[in-house]
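Q: here are the coordinates; sequence isn't available:
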């Protein structure tokens with residue numbers, strides 16, 4: 001939608017809301033404009049026959065309606081001449097749902113069907129009214145999707161990743177609908193046809209997901225993506241409690257982090273996608289097996305897709321590792337005397353794994369904690385390490401998801417740190433309530449799971465030595481802002497409140513490709529950069 005169309009739409013919608021407000025004087029009396037608009041929208045959404053109010057508005061405001069409908073018809077006709085352009089549009093990672101808004105009969109007795117499209121956030125993308133006798137349901141759906149993609153009522157021109165019907169019974173009526181030539185998956189019975197991977201990005205403000213063409217980077221730090229100028233302005237100068245997280249404060253600090261991109265690429269690759277990962281797991285014979293079931297969103301058998309299974313509800317497997325040699329090795333503590341293991345190569349040699357074993361993919365959770373405990377913590381802060389009571393090393397692991405299903409693996413951390421007792425509490429929002437307060441204990445490792453955000457659930461009386469977030473996704477979840485504020489508060493007052501205890505947040509993101517070593521320099525880079533951010 002271009003600027004002229006947007007202004008016309010905003011004017012039209014504003015007039016409609018003002019008209020609706022007159023029907024509810026009690027809502028009109030609410031002083032706060034945001035609360036008033038929210039209440040008005042709730043009322044409109046809950047109406048049993050919203051078309052009556054809409055038609056009353058049409059009769060009362062014929063000129064406004066005429067201007068709007070004329071402009072929309074022009075856009076619709078123009079869009080239908082450019083159907084071949086739809087496939088060239090950037091992709092938004094969402095599902096558009098087609099719904100029959102209503103059916104009406106005109107003065108000549110002709111029946112018209114009005115279809116609408118909305119996304120998963122109930123944002124209306126567009127509507128199309130056609131004569132039932134002149135256009136089939138299938139063709140109307142195709143035309144509507146083309147119009148919505150090229151001239152949406154909200155946002156930039158784009159195509160959705162998938163399309164389905166809000167009412168499943170409509171899928172039967174629209175048998176034969178095919179959108180593949182538009183580069184769009186049609187979901188019948190909620191199962192998308194085709195399975196090609198598409199790399200998605202996310203807007204740093206509104207969380208819109210789509211292909212990179214939908215976004216622009218911050219020209220200074222090159223770290224954050226925005227879907228629109230409006231989102232960029234909002235992020236630059238945030239208000240209220242989020243003011244401390246305004247990008248104008250963080251831009252220079254993120255630029256420091258981005259300057260380490262080449263160094264961080266020693267252990268990551270932007271070209272490694274899910275299709276390649278699936279092939280790798282298939283060759284290793286572990287795809288969809290044991291603890292590997294969460295490792296790939298592409299499955300050899302679609303009935304094994306676990307996308308809808310909450311973290312923590314994955315059925316237990318009799319053979320979690322599913323690699324005979326690795327399973328037998330990990331079942332027992334090392335017979336050799338423990339020594340400091342600087343990288344994966346040293347660890348593989350110490351434990352007797354072949355260098356081509358994929359076991360590092362599962363073990364990176366406990367082994368990253370091992371690296372932090374044995375190298376980062378004592379080397380970066382020796383004065384704090386000397387004060388640690390080895391009888392109980394307390395570690396808070398935050399932002400967990402898959403980790404709650406990998407508890408079996410953490411006994412390896414205990415094997416490699418036999419000189420200390422490790423008490424871990426895992427905190428996660430995206431985990432099942434069924435695992436809340438679940439405990440696991442193996443030798444010198446004890447784990448408790450807590451469902452909820454860390455800044456709300458953390459025990460004020462517990463004194464953790466470390467707070468760790470693995471692949472935390474600071475940019476993906478706004479809730480991290482409150483957690484960072486809490487951690488910064490703890491760090492600032494550690495001398496007076498948490499005597500001889502220091503809370504440090506370590507954030508690591510290691511994308512493992514087959515077997516690659518996690519370099520100590522890379523880990524220290526991540527730690528040092530984050531500490532600069534925490535210091536403000």
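A: All right, it came through fine. On a predicted model such as this, the values are computed, not experimentally measured, just so you know.
Q: for the protein, which strand is longest?
A: Longest strand in the chain by number of residues, with DSSP state E as the criterion: strand 91-105.
Q: quick one, whichever helix or strand comes after that strand and strand 91-105 angle?
A: With elements assigned by DSSP states H and E, the helix or strand that comes after strand 91-105 is strand 111-118. With axes from the mean of the first three to the mean of the last three C-alpha atoms, to 10 degrees applied, the angle from strand 111-118 to strand 91-105 works out at 160 degrees.
Q: who does strand 111-118 pair up with?
A: As defined by DSSP bridges, the strand partners of strand 111-118 come to strand 91-105 (antiparallel), strand 124-131 (antiparallel).
Q: Confidence-wise, which of those is weakest overall?
A: Lowest mean pLDDT of the strands paired with strand 111-118: strand 91-105, a mean of 80.
Q: mind checking the backbone torsions on residue 445?
A: phi -120, psi 130 (degrees, to the nearest 10).
Q: Secondary structure element holding the spatially closest residue to it that is not a sequence neighbour?
A: Computed as C-beta to C-beta, 6 or more residues apart in numbering, the closest residue to residue 445 that is not its neighbour in sequence is residue 414, at 3.9 Å. Just so you know, the C-beta spots here come from the backbone N, C-alpha and C atoms, and that holds for glycine as well. Element membership for residue 414 (DSSP H and E) is helix 411-416.
Q: Now do that helix: which elements does it pack against?
A: If you count contacts as 3 or more C-beta pairs under 8 Å, 6 or more residues apart in numbering; DSSP states H and E, helix 411-416 packs onto helix 360-371, strand 445-451.
Q: For the most far-flung residue of the chain relative to its centre, give its distance to residue 132.
A: Each residue of the chain has a distance to the centre, and by C-alpha atoms, centre = their mean the biggest one is for residue 108: 50.5 Å. Distance, residue 108 to residue 132, using C-beta to C-beta, to the nearest Å: 13 Å.
Q: One more: residue 288?
A: From residue 288 to residue 132 the distance is 46 Å (C-beta to C-beta).
Q: out of the two, which sits in the busier spot?
A: Under the neighbour definition other C-beta atoms under 10 Å, residue 288 and residue 132 were set side by side, and residue 288 has more, 19 against 14.
Q: what residue ranges in the stretch 401-536 of the chain score low on pLDDT?
A: 472-481, 488-536 (pLDDT under 70).
Q: remind me which residues of the stretch 51-200 of the chain are low pLDDT?
A: Ranges of the stretch 51-200 of the chain meeting pLDDT under 70: 51, 54-55, 58, 64-69, 71-72, 75, 101-104, 106-107, 122, 188-198.
Q: For it, just list every one of the helices.
A: 62-80, 137-150, 169-173 (DSSP state H, counting those that start in this stretch).
Q: Walking through the stretch 401-536 of the chain, point out its helices one by one.
A: Under the criterion DSSP H, counting those that start in this stretch, the stretch 401-536 of the chain contains helices at 411-416, 454-457, 480-492, 520-535.
Q: Surely residue 199 and residue 213 touch.
A: No. Using C-beta atoms under 8 Å, residue 199 makes no contact with residue 213, being 11.3 Å away.
Q: Kindly reformat the strands paired with strand 111-118 as JSON lines containing mean neighbour count and distance to residue 116.
A: Output for those, formatted as JSON lines (neighbours: other C-beta atoms under 10 Å; distance: least, C-beta to C-beta, whole Å):
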{"stretch": "strand 91-105", "mean neighbour count": "18", "distance to residue 116": "4"}
{"stretch": "strand 124-131", "mean neighbour count": "19", "distance to residue 116": "4"}
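Q: which stretch among those strands comes nearest residue 324?
A: Proximity to residue 324 (C-beta to C-beta) singles out strand 91-105 among those, at 38.8 Å.
Q: could you check the angle helix 137-150 makes with the closest one?
A: Using the same axes, to 10 degrees: strand 91-105 against helix 137-150 is 130 degrees.
Q: any idea how far strand 91-105 is from the chain center?
A: With C-alpha atoms, centre = their mean, to the nearest Å as the basis, strand 91-105 stands 24 Å off its chain's centre.
Q: Please apply the same query to stretch 370-387.
A: 32 Å.
Q: If you count neighbours, what's buried in it?
A: 370-377, 380, 384 (16 or more other C-beta atoms under 10 Å).
Q: Ends of that stretch, what's the gap?
A: Chord length of stretch 370-387, first to last residue, is 18 Å (C-alpha to C-alpha, to the nearest Å).
Q: quick one: buried residues of stretch 352-367?
A: For stretch 352-367, by 16+ other C-beta under 10 Å, it's 353, 357-367.
Q: Please convert the buried residues of stretch 370-387 to JSON lines, extending it with distance to residue 324 and pLDDT.
A: Converted to JSON lines, those look like this (distance: C-beta to C-beta, whole Å; pLDDT from 0 to 100):
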{"residue": "370", "distance to residue 324": "24", "pLDDT": "92"}
{"residue": "371", "distance to residue 324": "27", "pLDDT": "88"}
{"residue": "372", "distance to residue 324": "31", "pLDDT": "87"}
{"residue": "373", "distance to residue 324": "30", "pLDDT": "87"}
{"residue": "374", "distance to residue 324": "29", "pLDDT": "88"}
{"residue": "375", "distance to residue 324": "31", "pLDDT": "85"}
{"residue": "376", "distance to residue 324": "34", "pLDDT": "80"}
{"residue": "377", "distance to residue 324": "35", "pLDDT": "79"}
{"residue": "380", "distance to residue 324": "39", "pLDDT": "73"}
{"residue": "384", "distance to residue 324": "42", "pLDDT": "73"}
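Q: Which of these sits closest to residue 29?
A: Closest to residue 29, out of all of these and judged by C-beta to C-beta, is residue 372, at 57.1 Å.
Q: Cross-check the contact I'm expecting between that closest one and residue 468.
A: Yes. Residue 372 is within contact range of residue 468, at 6.4 Å (criterion: C-beta under 8 Å).
Q: re the thing from before, what's the offset of the helix holding residue 414 from the middle of its chain?
A: The answer for helix 411-416 is 31 Å, by C-alpha atoms, centre = their mean.
Q: Likewise for stretch 331-350?
A: The answer for stretch 331-350 is 35 Å, by C-alpha atoms, centre = their mean.
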